[in-house]
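Asks: requesting a structural model of the entry that follows:
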Amino acid sequence: MPADLKDGRIVVVGASLAGLRAAEALREEGFTGSLTVVGDEPHAPYDRPPLSKQVLLGRATADTTELPMRRDPDAEWRLGVRATGVDLLAKQVLLEDGESLPYDRLLIATGTRARPWPNAEEAALKGVLTLRTREDGKELAEQLAAGPERVLVIGAGFTGSEIASACREMGLQVTVAERGPAPLVGALGGTLSKLAAVMQRNHGVDLRTGVTVTALNGNGSFTGAQLSDGSHVHADVCVVALGAVRNVEWLADSGLASGPRGIACDAGCRAFNMYGIVTDDIFVAGDVSRFPHPLFGYQMLSLEHWGNAVEQAEVAAHNMVSPGPLQRPHLAIPTFWSTQFGLNIKSVGVPTFSDHVVIAQGSLEARRLAMVYGYQGRVTAAVTVDMAKSIDYYRHLIETGAPFPPPPGAPDRPLAADIPIPSAVPDPSVLSHGPTVALTGYLPDRRLTVVQH
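Replies: Coordinates of the predicted model:
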């Protein structure tokens, strides 16, 4: 590593939101050395949230989702080439075209990809799609614009629910199949998920919960699906929304603490190796990271949040060019939002890190409320429905470790809150969809066997 941290060679693997914002932040922090950004897609970094919203509704096209640059990062862009490994001793990133890129510091921001349908033959049927990439968004928008008789969505997480909402807004018949008891239950717990189920059904969604799809049917083209309850759904388009897979396979032989739940790093975004030793020259940011947060029991968090990718990228960039005493931790509170079926849902904190919830404002009946989550007597999360202006108040309660149930103080807060009830956060294994923020314990994924010689 060069004596001057503002000089040398930095490689960013992942031409993602996190990769772009980190590259920009490196220059803003005064880095003057060589900067290379590697991405497996041929496109410049683009925004993914519009793909399940504006693009499907025809209000934008997939090729107009490119992320604006806050400043030119003066980087060499290596797009359309996949990284296949990292040599920690030689300090090189290996590429699929046979080239290797030397680095002094490396940032890994490879994000996630859509979890595919497990049966490859069925997944290859025309009309069976996932939604993650720009190409996915374009193809699904074209399929919906063609006016299918019915769309089947497998998985009722945020992506699946937003797709179903877009279908109904376009006047399309849609069936949603979810293994869990309700939509969004993995992210919001049992109480709010009941409201999500009511809203879907009130908007004409054929919602099937507590079932799995056992087979996709068709001869070349998708025609329908078999469900575990013995029923059959006739449909022309099938969207597989089973959550995300973290892009870590290329690191399998690297010696880093990487696994299905992400790459473990410390609060300063420095990657751990497989022995739990923090590295000084490899950093992680965005959806692929797995990091501890002191407000949530120091458990390792895996997040799929737009805001987290930006904030973590900026922390990583700062720490890559700063000596130890000047490095700072990534302590941002997770925040997420979704618009579906006419409702604006905003989440702050970690709803799954809870044992009880209380409706602090509004009501389920009014479909306008703020639900606060608590764990062992302190506030850990809040979710608002059409009450987004209150979210900053609850963020402050989380940051200050306020007691649960929360005290009065928010605008239009009732004098007496409802009695807290169990948050009913399900075991992720019973869901079709994946939560956008997940607690993943304390240890790296890989277990070692130590042999004494």
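
Asks: any chance you could map the helices in the stretch 251-400 of the chain?
Replies: 306-320, 391-399 (DSSP state H, counting those that start in this stretch).

Asks: do the stretch 101-250 of the chain as well
Replies: With DSSP H, counting those that start in this stretch as the criterion, the stretch 101-250 of the chain has helices spanning 120-123, 134-145, 158-169, 185-188, 190-202.

Asks: the residue nearest in space to the middle of the chain: what's it in contact with?
Replies: Nearest to the mean C-alpha position of the chain, counting by C-alpha atoms, centre = their mean, stands residue 304 at 1.6 Å. Counting by C-beta atoms under 8 Å, 6 or more residues apart in numbering, residue 304 makes contact with 112, 244, 287, 434, 436, 437. Every residue, glycine included, has its C-beta placed from N, CA and C.

Asks: burial check on the fifth one, number of neighbours?
Replies: Think residue 436. Residues lying near residue 436 (other C-beta atoms under 10 Å) number 26.

Asks: and if you look at the last one?
Replies: Applying other C-beta under 10 Å, we find 24 residues neighbouring residue 437.

Asks: next, give phi and psi for it.
Replies: The phi/psi pair for residue 437 (degrees, to the nearest 10) reads phi -130, psi 130.

Asks: state the distance from it to residue 66.
Replies: Taking C-beta to C-beta, to the nearest Å as the measure, residue 437 falls 27 Å from residue 66.

Asks: do the same with the fifth one
Replies: The gap separating residue 436 from residue 66 is 23 Å, by C-beta to C-beta.

Asks: picking that back up, which stretch among the helices of the stretch 101-250 of the chain comes nearest residue 293?
Replies: Nearest to residue 293 among these is helix 185-188 (17.0 Å), distances taken as C-beta to C-beta.

Asks: can you name every helix or strand that that closest one contacts?
Replies: Counting contacts by 3 or more C-beta pairs under 8 Å, 6 or more residues apart in numbering; DSSP states H and E, helix 185-188 is packed against helix 190-202, strand 343-349.

Asks: make sure residue 228 is actually in contact with residue 208.
Replies: No. Between residue 228 and residue 208 there is no contact under C-beta atoms under 8 Å: 9.7 Å.

Asks: in terms of neighbours, single out the busier of these two.
Replies: Shown here are residue 228 and residue 208; by other C-beta under 10 Å, residue 208 has more neighbours (20 against 13).

Asks: that one: what's its closest spatial neighbour, skipping adjacent residues?
Replies: residue 177 (4.9 Å; C-beta to C-beta, 6 or more residues apart in numbering).

Asks: export the helices and strands packed on helix 185-188 to a markdown table and tack on mean neighbour count?
Replies: Formatted as a markdown table, the helices and strands packed on helix 185-188 follow (neighbours: other C-beta atoms under 10 Å):
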| stretch | mean neighbour count |
| --- | --- |
| helix 190-202 | 20 |
| strand 343-349 | 22 |
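
Asks: now render those as TSV, adding distance to residue 310 and mean pLDDT.
Replies: Converted to TSV, the helices and strands packed on helix 185-188 look like this (distance: least, C-beta to C-beta, whole Å; pLDDT from 0 to 100):
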stretch	distance to residue 310	mean pLDDT
helix 190-202	26	94
strand 343-349	16	95
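
Asks: tell me the mean pLDDT for stretch 13-29?
Replies: Stretch 13-29 shows a mean pLDDT of 98.

Asks: gap between that stretch and the chain center?
Replies: Chain-centre distance of stretch 13-29: 18 Å, with C-alpha atoms, centre = their mean, to the nearest Å.

Asks: and it, which residues are buried?
Replies: Buried residues in stretch 13-29, counted by 16 or more other C-beta atoms under 10 Å: 13-27, 29.

Asks: low-confidence ranges, this structure, go.
Replies: Within the chain, the segments meeting pLDDT under 70 span 1, 409-418, 434-435, 442-453.

Asks: and residue 100, how far is that from residue 38?
Replies: The gap separating residue 100 from residue 38 is 11 Å, by C-beta to C-beta.

Asks: between those two, which contacts overlap?
Replies: Common neighbours of residue 100 and residue 38 (C-beta under 8 Å, 6+ apart) are residue 93.

Asks: please say which of these two ends up with more neighbours.
Replies: Neighbour totals were compared for residue 100 and residue 38, and residue 38 leads with 23 against 15 (other C-beta under 10 Å).

Asks: the closest residue to residue 206 other than its chain neighbours pairs with what?
Replies: With sequence-adjacent residues excluded and distances taken as C-beta to C-beta, 6+ apart, residue 206 is closest to residue 175, at 4.2 Å. Counting by DSSP bridges, residue 175 forms beta bridges with residue 152, residue 206.

Asks: residue 175: what's it in contact with?
Replies: Going by C-beta under 8 Å, 6+ apart, residue 175 touches 150, 151, 152, 153, 205, 206, 207, 208, 233, 235.

Asks: thank you, goodbye.
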